[in-house]
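>>> quick one: sequence and predicted model below, then my questions.
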Amino acid sequence: NNNNNSNNNNINVLAVDVNNKALERLSERATRILPPNTLETCCADLANYDYIKSQIPSNHTVIVVSLHACGAASDMAMNLAFNCNNAP
């Protein structure tokens, strides 16, 4: 159904990493596959919930995907998702 495809334009991606060089490479690659103005980057540690949350518009639902997050980083990603979605 083509009507569902129109909703995909409402997706924004905020990529968070402590490595600014990795974020720069991601931005370059994203221009080839994502619509313009879809990707934002944030160079921060996952433990900095308040800063990361401040980069997300309050009217957005958040889905957190964490790649290569081991140990404490997995917990931080889950906590970030919890905090960004105003979970009780």
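Arrived safely.
>>> so after the helix or strand containing residue 50, what's the next helix or strand?
In the assignment (DSSP states H and E), residue 50 maps to helix 49-54. Counting by DSSP H and E, the next helix or strand C-terminal to helix 49-54 is helix 72-84.
>>> for that next one, buried residues please.
73, 76-77, 80, 84 (16 or more other C-beta atoms under 10 Å). The C-beta positions use only the backbone N, C-alpha and C, and glycine is treated the same way.
>>> if we can go back for a sec, could you pull up the mean pLDDT of the helix holding residue 50?
On average, the pLDDT along helix 49-54 is 87.
>>> give me the helices and strands touching it, please.
helix 72-84 (3 or more C-beta pairs under 8 Å, 6 or more residues apart in numbering; DSSP states H and E).
>>> output the buried residues of helix 72-84 as a markdown table; include the columns pLDDT.
A markdown table is the format used below for the buried residues of helix 72-84 (pLDDT from 0 to 100):
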| residue | pLDDT |
| --- | --- |
| 73 | 87 |
| 76 | 88 |
| 77 | 86 |
| 80 | 84 |
| 84 | 77 |
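>>> CSV please, covering those and showing distance to residue 56.
Below are the buried residues of helix 72-84 laid out as CSV (distance: C-beta to C-beta, whole Å):
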residue, distance to residue 56
73, 19
76, 16
77, 14
80, 10
84, 6
